[in-house]
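# Sequence below, structure please.
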Amino acid sequence: MGLKQARASQRTGTHSDGQPRRDLKESPLAWLARRKDKDGRPLLSEEEFDAGEKLRADFWFAQMTPRVTANWSLLLSAGGGSRGASDLGPDLKDSVIAARERVRRALSSVGPDLAGVLIDVCCHLKGLEASEKASGWPQRSGKVILQIALRQLARHYGLLKEPVADSAMPVRVRHWGTGDYRPAIEPT
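Residues are numbered from 1 along each chain as shown. Reported below is the predicted structural model:
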């Protein structure tokens, strides 16, 4: 990155490719990635951290962050004003729509139970305590739930390698029947 691009990046808060810069002082994920568990390992793996940051970048790029000021663009454009809400479709770039679709797919892949904590912590940069209280979870359970959600998200993005099944070790199914027990199959 050249000096000119670096200065533009500092002014706009984005890299030259349009992705938001990471401010590791404000990210709850960075705080968790710096922390160690009782065995001395980081609480979050690099893949989990990268998955959370990728979701945050897509969320930001998709313009899904809540507004903190009034949106005056509708009054300046052809739509809006007293005629009612305009159709924002033509105003959105294809890249923004694609980012929204990536966010939607990522959140649907982790499921509705885990999507909330990802939105709170990764996208809205809420702390774990606030997310736990909002979700009604017990204290100190947020770390485990967030780790599970980030692992699922990393799997969705293809950042985690799938475990290879060892063909030499067949899976044994255990049951309470005797050795000669065979289940009866009911005709349908």
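# Can you point out the buried residues in whichever helix or strand residue 98 is part of?
Using DSSP states H and E, residue 98 maps to helix 94-110. Residues of helix 94-110 classed as buried under the neighbour-count rule (16 or more other CB atoms under 10 Å) are 99-100, 102-103, 106-107, 110. To be clear about C-beta, it is placed using only N, CA and C from the backbone, and glycine gets the same treatment.
# going on from it, what's the next piece of helix or strand?
Next along from helix 94-110, by DSSP H and E: helix 112-118.
# show me where pLDDT drops low in this protein?
For the chain, applying pLDDT under 70 flags the ranges 1-26, 71-92, 162-175, 188.
# Mind doing that once more with 80?
Scanning the chain with the threshold set as pLDDT under 80 gives 1-27, 65-92, 161-179, 181-184, 188.
# Tell me which stretches of the chain form helices.
Assigned by DSSP state H, the helices in the chain fall at 3-12, 28-34, 46-61, 73-76, 94-110, 112-118, 128-135, 142-157.
# among these, which is the most enclosed?
With neighbours defined as mean count of other CB atoms under 10 Å, those peak in mean count at helix 46-61, which reaches a mean of 22.
# Could you list the residues in contact with it?
Outside helix 46-61, the residues that touch it by CB atoms under 8 Å, 6 or more residues apart in numbering are 18-20, 22, 27, 29-30, 33, 44, 65, 95-96, 99, 102-103, 106, 118-119, 121-123, 125, 147, 150-151, 153-154, 156-157, 159-160.
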